[in-house]
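Engineer: below is the sequence, then the predicted model.
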Amino acid sequence: MEAADSLNSSQKFHLLNNCQYADKLLSEIEGILTAASSKSPFPRYQVDISAAQSKVVQDYTARIRAQMLRVLEAQGIPPPGPKFGAIHSIRVTLAFVRIALTEMGPRYMRGYGEIPDSAIPELNGVVSELEGLAGKLDAYLAQGLGQDLQGRLDRLERTGDQVSLLRELERMIAGHGLVELRPTLSMIVDRLESNRFEIAVFGRVSSGKSSLLNHILQSDVLPVGVNPITAVPTRLVHGSTPRLTVAFADRRREHFEIERLAEFATEQGNPANSKGVTRITVELPSPRLREGVVFVDTPGLGSLATAGAAETRAYLPQCDLGVVLINAGSALSEEDLATIQALFEAAAPASVVLSKADLLGPDDRESALKYVTTQIHSRLGLDLVVSPVSIIRGHASLLDGWFEEQIAPLYDRHKQLAEASVRRKAGALREAVRAALRSKLERAGVAAPAGVDRLKEVEAGLRRAAGRIPEAQAFCLNSADEVRNLTPAALKLASSRLVDGWLGGDGAALRAADTVSSAIAQAVAERVNLVYSTLEGLGRDLSKALQSAAAALGVNEVPGEEELTSSLREMPRLDLGSIRPSLRRSLLLAFGKKIAKRWVAGKLRREIGPPVSEALRWYGKSLEAWVRRALSGLQARFDAHADAYRAQLERLAGATAISTEDREAIRRDLEQLANQPARLEEVTHGSRPDGC
């Protein structure tokens with residue numbers, strides 16, 4: 001019961017509500033002070049307040065707030081705690097930012113008047129560029145990267161001399177605005193905290209990654225085969241009992257029966273990672289997981305799982321040793337070479353194995369091993385030992401021999417190897433920070449290789465090139481959809497070919513099954529060739545835009561067209577299965593050509609229409625997935641270079657000057673980095689795994 005001399009509950013609520021509203025208005029005043037001194041391109045306020053006045057306003061604001069708290073305390077009203085986390089609120093706001101950016105696209109602007117065709121690519125490019133930046137920030141927040149880095153480094157202070165370097169790198173990255181390097185720093189701290197040695201298995205679809213791991217761990221826990229396809233990296237760690245732990249983008253962590261792994265780790269159970277899975281951990285009581293060694297099954301490179309390939313590229317810098325599987329049944333691909341190169345760039349040694357070696361005889365196997373070794377040396381400049389492996393009975397000794405020779409010796413030294421891996425990664429990050437600071441210092445106040453107008457033109461060229469990606473995507477996905485519904489047109493073409501051949505005396509037409517299959521394949525190929533030529537042309541345009549930007553900036557290293565278009569390989573093939581229409585040429589001789597074609601088309605629809613429709617439906621689906629993967633690869637390769645070019649173009653075109661104080665700070669940091677112990681930058685290229 002409320003005391004007679006105190007406020008009732010409604011009055012207390014009113015008092016609290018008004019204090020909260022007043023505090024909100026005070027926050028707006030603080031926002032005005034901040035906005036008045038910000039560098040926003042759209043300022044709301046004139047800078048007509050002095051530093052002294054700003055300090056007085058802040059002091060009075062603090063006093064008002066302190067007094068409100070005392071008033072509430074006197075009335076026995078506890079101030080409520082925060083309702084929402086800052087990260088959650090920022091991500092919600094970012095979602096609205098991304099909606100606003102999306103609505104800058106051409107399709108949302110047509111209501112304001114007709115848009116010139118020449119302006120559409122640039123508008124699409126604007127949206128792509130800005131959405132990409134917002135998406136990177138959202139992903140950064142979703143993964144909790146960099147959370148309390150200083151506190152985590154404090155706790156690790158006595159774990160190794162590399163912590164002092166990481167602390168300095170964290171200060172430099174934060175102080176000089178090198179946000180693109182912060183995720184790498186956070187990843188290194190994660191590795192330092194875990195003290196585990198991660199062996200990741202990479203390879204193209206159907207190269208045998210999951211089968212190899214199942215054999216090593218003496219378990220059938222990982223799904224195998226071309227379909228399903230691993231969609232998210234799966235970590236295999238030691239546990240007393242089998243257990244599956246799944247982490248989601250909304251930061252949930254849930255435990256499941258291990259039999260449910262395929263629901264989250266395959267493209268079939270989790271298409272395009274629609275369930276928002278960020279991490280999968282499988283605990284197994286395997287003796288080969290007891291010594292702090294972790295195996296990781298990665299998504300197949302070049303797979304139809306676009307999200308999976310992206311996840312694999314994102315995981316590359318995290319592993320301590322990469323095992324790269326090259327399928328003995330197919331040729332060495334650009335994707336294989338790019339994986340090996342990316343591992344060494346991420347300061348992780350690679351062990352290359354020729355999987356499914358049982359498919360080759362002894363002589364062919366030796367020839368394949370020599371070819372792969374030579375290609376890696378000539379293309380990448382790396383001297384690696386390539387080992388044949390197989391899980392097939394009678395050949396499994398190859399895999400067991402490779403494991404005992406190259407992997408088993410790592411177990412006794414996993415702690416030292418993990419520490420060495422962190423040192424290599426810290427050294428690689430240090431070099432990245434040094435390069436960024438040197439570039440910042442060298443570019444400051446230096447005239448651009450091209451004039452400002454030329455730089456702005458080049459920047460617009462990058463934007464227009466990026467804007468062609470959604471146009472190409474729309475066309476190619478529409479073509480894939482047409483393939484799904486191509487049965488009537490394909491059978492009509494097949495009937496026309498059959499009748500023309502029969503009535504013309506063409507002996508080849510007597511083989512009705514071959515003629516029908518060929519006609520259907522041609523109808524499909526006409527659309528598929530348009531898809532490929534569209535993507536190939538897009539790759540050329542993106543490459544030209546990058547080359548133009550590199551020339552304007554005076555940059556020597558620029559990706560060639562072949563690097564950009566490497567994702568266009570391994571296009572899916574149409575499989576019609578067995579088609580055997582029962583047609584008799586003699587029945588058509590009494591009909592005219594037009595009636596005969598109509599009759600044959602109807603008979604084909606009845607006899608083979610359903611299986612052809614099913615085959616085209618599945619092929620259209622595969623083609624759509626391939627288009628998405630190819631475009632994802634194109635965009636990823638383009639953005640990797642374009643983002644760096646854009647940053648330099650912005651700095652040069654905007655004539656951004658560096659103050660004398662900032663210049664001296666960069667010089668001091670560069671000098672400090674140069675004096676770090678040399679062993680922190682040890683990155684041994686071309687070493688065997690047992691030398692990592």
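Structural biologist: Cool, got the structure. Numbering: from 1, shown residues only.
Engineer: where does the stretch 551-692 of the chain dip in pLDDT?
Structural biologist: By pLDDT under 70, the low-scoring segments of the stretch 551-692 of the chain are 555-559, 566-567, 570, 583-592, 647-648, 650-658, 676-692.
Engineer: so which residues of it form helices?
Structural biologist: Along the stretch 551-692 of the chain, counting by DSSP state H, counting those that start in this stretch, helices occupy 561-564, 593-653, 660-674.
Engineer: run the chain-centre distance for the second one.
Structural biologist: The one in question is helix 593-653. Centroid separation for helix 593-653 versus its chain: 21 Å, with C-alpha atoms, centre = their mean, to the nearest Å.
Engineer: among the helices of the stretch 551-692 of the chain, which is nearest A347?
Structural biologist: With distances scored as C-beta to C-beta, the stretch of these nearest to A347 is helix 660-674 (16.3 Å). (Glycine included, C-beta is placed from N, CA and C.)
Engineer: could you point out the helix or strand that follows the one helix or strand in the chain whose mean pLDDT sits lowest?
Structural biologist: The weakest-scoring helix or strand in the chain, judged by mean pLDDT, DSSP states H and E, is helix 306-315 (a mean of 49). Using DSSP states H and E, the helix or strand that follows helix 306-315 towards the C-terminus is strand 321-327.
Engineer: partner strands of that next one, with direction?
Structural biologist: The strands beside strand 321-327 in its sheet (DSSP bridges) come out as strand 197-203 (parallel), strand 350-355 (parallel).
Engineer: with just CA atoms, put it into PDB.
Structural biologist: Provided in PDB are the C-alpha atoms of strand 321-327 (Å, rounded to 0.1, in the frame of the first residue of the first chain):
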ATOM      1  CA  LEU A 321      47.500 -26.100 -42.400                       C
ATOM      2  CA  GLY A 322      45.500 -26.500 -45.600                       C
ATOM      3  CA  VAL A 323      45.200 -29.900 -47.200                       C
ATOM      4  CA  VAL A 324      44.300 -29.300 -50.900                       C
ATOM      5  CA  LEU A 325      42.600 -32.200 -52.700                       C
ATOM      6  CA  ILE A 326      43.100 -32.400 -56.400                       C
ATOM      7  CA  ASN A 327      40.900 -35.000 -58.100                       C
END
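Engineer: go ahead and name everything in contact with it.
Structural biologist: For strand 321-327, contacts defined as C-beta atoms under 8 Å, 6 or more residues apart in numbering pick out 197-204, 206-209, 212, 316, 332, 336, 339-340, 343, 348-356, 372, 386, 410, 421, 689, 692.
Engineer: ok, back up a step: out of the helices of the stretch 551-692 of the chain, which one sits most buried?
Structural biologist: helix 593-653 (a mean of 19; mean count of other C-beta atoms under 10 Å).
Engineer: helices or strands next to it in the packing?
Structural biologist: Counting contacts by 3 or more C-beta pairs under 8 Å, 6 or more residues apart in numbering; DSSP states H and E, helix 593-653 packs against helix 120-142, helix 306-315, helix 414-443, helix 452-484, helix 487-503, helix 512-553, helix 561-564.
Engineer: change it to 10 Å
Structural biologist: helix 120-142, helix 306-315, helix 334-345, helix 414-443, helix 452-484, helix 487-503, helix 512-553, helix 561-564 (3 or more C-beta pairs under 10 Å, 6 or more residues apart in numbering; DSSP states H and E).
Engineer: returning to that earlier point: just the buried ones from the contacts of strand 321-327?
Structural biologist: 197-204, 206-209, 212, 316, 332, 336, 339-340, 343, 348-356, 372, 386, 410, 421, 689, 692 (16 or more other C-beta atoms under 10 Å).
Engineer: re the thing from before, wait, which of the helices and strands packed on helix 593-653 is closest to L623?
Structural biologist: Comparing these by C-beta to C-beta, helix 452-484 comes nearest, at 4.3 Å.
Engineer: and the closest one, what other elements does it pack with?
Structural biologist: helix 106-109, helix 120-142, helix 512-553, helix 593-653.
Engineer: now distance to N18 too, for the ones you listed, in CSV please.
Structural biologist: Listed next are the helices and strands packed on helix 452-484 as CSV, based on distance: least, C-beta to C-beta, whole Å:
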stretch, distance to N18
helix 106-109, 41
helix 120-142, 33
helix 512-553, 56
helix 593-653, 46
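Engineer: right, and the ones you listed - which one's nearest S378?
Structural biologist: Nearest of these to S378, taken as C-beta to C-beta: helix 593-653 at 22.0 Å.
Engineer: got the angle for the closest one vs helix 452-484?
Structural biologist: Following axes from the mean of the first three to the mean of the last three C-alpha atoms, to 10 degrees, one obtains 150 degrees for the angle between helix 593-653 and helix 452-484.
Engineer: run the angle between helix 593-653 and helix 512-553 for me.
Structural biologist: 20 degrees.
Engineer: CA atoms of stretch 111-121 as CSV?
Structural biologist: The C-alpha trace of stretch 111-121 is given here as CSV (Å, rounded to 0.1, in the frame of the first residue of the first chain):
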residue,chain,number,x,y,z
GLY,A,111,8.0,6.6,-61.1
TYR,A,112,9.8,9.9,-61.2
GLY,A,113,10.3,9.7,-64.9
GLU,A,114,11.9,7.6,-67.6
ILE,A,115,15.6,6.7,-66.9
PRO,A,116,18.1,6.9,-69.8
ASP,A,117,19.5,3.5,-70.6
SER,A,118,23.0,4.9,-70.3
ALA,A,119,22.3,5.9,-66.6
ILE,A,120,21.1,2.4,-65.5
PRO,A,121,24.5,0.7,-65.1
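Engineer: return the set of buried residues in that stretch.
Structural biologist: I120, P121.
Engineer: could I get the helices and strands packed on helix 593-653 as JSON lines with distance to E671?
Structural biologist: JSON lines is the format used below for the helices and strands packed on helix 593-653 (distance: least, C-beta to C-beta, whole Å):
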{"stretch": "helix 120-142", "distance to E671": "30"}
{"stretch": "helix 306-315", "distance to E671": "33"}
{"stretch": "helix 334-345", "distance to E671": "26"}
{"stretch": "helix 414-443", "distance to E671": "11"}
{"stretch": "helix 452-484", "distance to E671": "31"}
{"stretch": "helix 487-503", "distance to E671": "70"}
{"stretch": "helix 512-553", "distance to E671": "26"}
{"stretch": "helix 561-564", "distance to E671": "36"}
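Engineer: mean pLDDT for these: which is lowest?
Structural biologist: Least confident of the helices and strands packed on helix 593-653, judged by mean pLDDT, is helix 306-315 with a mean of 49.
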